[in-house]
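Undergrad: following is a predicted model, sequence given first.
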Amino acid sequence: MIKLRIDVDYPYPSRPKSFLYVALGIKSKKGSYLKNARIIARMINESPRIVKAYWFFTPYTIPDQGLLELLNQPRHEVAIHLANSPLKEWKTLEKETGRQIKLYTIHGTSGKLARLIWRRKLRGPQVVIPPDFPLEDFHKNETFSIDRDRYKYGFDKIVSLIGEWIGQGVVLSFHPEWLFEKNDKTQRGPVYDALCAVLKVDGALEDLSVRKKAGLKIARDVKEYEKNIAPTPDFLEKLRERDVDIYTFLDRSWCCPISNPLACWTRTNDNVAMLEVTTIDAWLSAVGKKTRNMVRRAEKNCVRVSVVELTPKLSEGIWKIYNETPIRQGRAFPHYGESLKSVTYNMELAKKTTFIGAYLDDELVGFIQIIYGDNIAIISQILSLQRHWDKALNNALIAKAVEVCADNGNRWLMYGRIGNHPSLDKFKESNGFKKYPIARYYVPITWKGKLAIRMGIHRELKDALPQSLKGPLIPLFNWISRNKALKFRC
């Protein structure tokens, strides 16, 4: 059984707002009141695992009707998180929730500012428990703070530790305010990903990426090219709970086109660089003489290209390529300066992946990473050492990627998009990739999202600009990119 202790200290996800309401004695159950607590309750209810959750509420976080309905299951128990007056707070919580309260904990406020906010004396015990107080003290249970340890250890290690603690019958303690946020001062959070892994819920949200633009939160699935997506009302409601304004996804029309898009979905035109794979010989015949000569040039320069296993030696080779130059294609290269440890860690995270290496003697001089999805193979990275570009390394890597896909029966090979970078677009086209039109949909979730879509500010600037302006503006974008990177490194 997974035992959870949830200390609902503050009423709102925003700490400043919560501090203000508690300090001024304001008790309001409107807006985002206990929003994170509702998300956690729903996660617990959806979990296929055996869970017992003990909810400890303060006088300022008494559950509203919406939360009480979610807690109306045997796996939840409502309890009191004492702040000042044990008897009064206990009776108030029972009256307003209609639940019998059996357990208590004490809300900790060791700092002077916290004591002032909660109107306590600056010295002395935090709460005096009457000798005849009838509730059971929950502090006697062994607990580990997973929001603190999530900050300390990171995702992978905390999930492993939680597995061990559950086996030992330890109670896992955390605060809803650190569900999505982390705080360097208090060294807590964010605990959401660890909870998802342990409770085995919200799988559809695990690859969610949220970016902020002009006061909006726009979400997308980072694996949207690899799998089919059709947002359900329940899924969109979960995004609403997370303050997402717009959800965007694309139509994978090369394999599974969306036949009946909803009227509320706003459609824009998008594209991918796509190659339909049959055999390596068919590809060589289709690409033309110049590209074939480039592939032969790599062979004449003794470049050896092969599928390679992910090893420490491969990670070190990729790290050296990353750190050869801070500028690639005229703009700042984001991986420049990355540590070997970070490169190794990110490579190990890759799933359903093939690495192809280009070697001169025993030195890795280029590599390509292919990620496999449903009915698609995707070129995730293709990089080589600039000092060996005269040897046509990237052409040889593309040829090997086509051969690998043909041998594996992968019909479609994707290489990003076409239309935003002329020189890269030319390279893609010379290697047989063509512009494949697809649709991108935007689903408004909030009133801000609806307004943004009507005003046309939901799209990326590079996609919204007319094609005639993109070329002349590329030098400006590259200059901005280089200067940002220089400022960051300084």
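TA: Nice, thanks for sending it over.

Undergrad: how about the strands of the stretch 101-250 of the chain, start to end?
TA: For the stretch 101-250 of the chain, the strands defined by DSSP state E, counting those that start in this stretch occupy 103-106, 136-137, 143-145, 171-174, 208-213, 216-221, 246-250.

Undergrad: thought residue 104 was touching residue 90, still the case?
TA: Yes. The criterion here is CB atoms under 8 Å, and residue 90 meets it with residue 104 at 7.2 Å. Every C-beta, even on glycine, is put in place using the N, C-alpha and C of the backbone.

Undergrad: so what's in contact with these two at the same time?
TA: 80, 82, 135 (CB atoms under 8 Å, 6 or more residues apart in numbering).

Undergrad: tabulate those residues in TSV, adding columns for distance to residue 457 and neighbour count.
TA: TSV is the format used below for the shared contacts of residue 90 and residue 104 (distance: CB to CB, whole Å; neighbours: other CB atoms under 10 Å):
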residue	distance to residue 457	neighbour count
80	47	27
82	48	25
135	53	16
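
Undergrad: between these, which is closest to residue 180?
TA: Closest approach to residue 180 among the shared contacts of residue 90 and residue 104 (CB to CB): residue 80, at 25.9 Å.

Undergrad: would you check that the closest one makes contact with residue 135?
TA: Yes. Between residue 80 and residue 135 a contact is recorded at 6.9 Å, counting by CB under 8 Å.

Undergrad: common neighbours of these two, please.
TA: Joint contacts of residue 80 and residue 135 (CB under 8 Å, 6+ apart) are 90, 101, 103-104.

Undergrad: which one of the shared contacts of residue 90 and residue 104 sits closest to residue 192?
TA: Nearest to residue 192 among the shared contacts of residue 90 and residue 104: residue 80, at 25.7 Å, using CB to CB.

Undergrad: pull up the pairing partners for the helix or strand hosting the closest one, direction included.
TA: Counting by DSSP states H and E, the element that carries residue 80 is strand 76-82. Its sheet considered, strand 76-82 pairs with strand 51-57 (parallel), strand 103-106 (parallel) by DSSP bridges.

Undergrad: which of those has the lowest average pLDDT?
TA: Note on the strands paired with strand 76-82: lowest mean pLDDT is at strand 103-106, with a mean of 94.

Undergrad: now the helices for the stretch 151-300 of the chain?
TA: Secondary structure of the stretch 151-300 of the chain (DSSP state H, counting those that start in this stretch): helices at 155-167, 192-199, 233-241, 280-287, 289-300.

Undergrad: make TSV out of those helices and add mean pLDDT.
TA: As requested, these are arranged in TSV below (pLDDT from 0 to 100):
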stretch	mean pLDDT
helix 155-167	93
helix 192-199	94
helix 233-241	91
helix 280-287	95
helix 289-300	94
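
Undergrad: which one of the ones you listed is the most hemmed in?
TA: Among the helices of the stretch 151-300 of the chain, ranked by average contacts under mean count of other CB atoms under 10 Å, first place goes to helix 192-199 (a mean of 20).

Undergrad: got the angle for it vs helix 155-167?
TA: Angle, helix 192-199 to helix 155-167, by axes from the mean of the first three to the mean of the last three CA atoms, to 10 degrees: 40 degrees.

Undergrad: hang on, the earlier thing: dump the strands paired with strand 76-82 into JSON lines; add distance to residue 363 and mean neighbour count as well.
TA: Shown next, in JSON lines, are the strands paired with strand 76-82 (distance: least, CB to CB, whole Å; neighbours: other CB atoms under 10 Å):
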{"stretch": "strand 51-57", "distance to residue 363": "53", "mean neighbour count": "22"}
{"stretch": "strand 103-106", "distance to residue 363": "61", "mean neighbour count": "20"}
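
Undergrad: follow-up on the earlier one: got the contact list for the next helix or strand after the strand holding residue 80?
TA: Downstream of strand 76-82, the first helix or strand assigned by DSSP H and E is helix 86-97. Defining contact as CB under 8 Å, 6+ apart, one finds that helix 86-97 is touched by 57-59, 62-63, 68, 78, 80, 82-83, 99-101, 104, 127-130, 133, 135.
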